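*Asks:* quick check, what structure comes out for this input:
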Amino acid sequence: MTTADLIAMKQRAAADRGRRRSKALQDQANIALLRGDVPDPDEGW
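*Replies:* Predicted coordinates for the structure are as follows:
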């Protein structure tokens with residue numbers, strides 16, 4: 001599985017209207033981390 005595959009899976013999960021809002025928000029945050037849009041909190045910044 002590639003990073004692009006994981007991002008696509010997270011995007012589908014986040015768009016699912018039956019999914020809890022908190023889970024969808026976590027999926028969106030994970031997508032941002034996978035894309036490198038935000039620093040990883042464990043990176044030591």
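*Asks:* where does the prediction get shaky in the protein?
*Replies:* Applying pLDDT under 70 to the chain picks out residues 39-40, 43-45.
*Asks:* what's the single longest helix in it?
*Replies:* Longest helix in the chain, counting residues (DSSP state H): helix 21-35.
*Asks:* what are the buried residues along it?
*Replies:* A24, D27, N30, I31 (16 or more other C-beta atoms under 10 Å). Heads up, the C-betas are built off the backbone N, CA and C, glycines and all.
*Asks:* with just CA atoms, put that helix into CSV.
*Replies:* Below are the C-alpha coordinates for helix 21-35, written out as CSV (Å, rounded to 0.1, in the frame of the first residue of the first chain):
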residue,chain,number,x,y,z
ARG,A,21,-17.9,13.7,13.0
SER,A,22,-15.0,13.2,15.3
LYS,A,23,-13.7,10.3,13.2
ALA,A,24,-14.1,12.3,10.0
LEU,A,25,-12.1,15.2,11.5
GLN,A,26,-9.4,12.7,12.6
ASP,A,27,-9.3,11.4,9.0
GLN,A,28,-8.8,14.9,7.7
ALA,A,29,-6.0,15.5,10.1
ASN,A,30,-4.4,12.3,9.1
ILE,A,31,-4.6,13.3,5.4
ALA,A,32,-2.9,16.6,6.2
LEU,A,33,-0.1,14.7,8.0
LEU,A,34,0.4,12.2,5.2
ARG,A,35,0.6,15.0,2.7
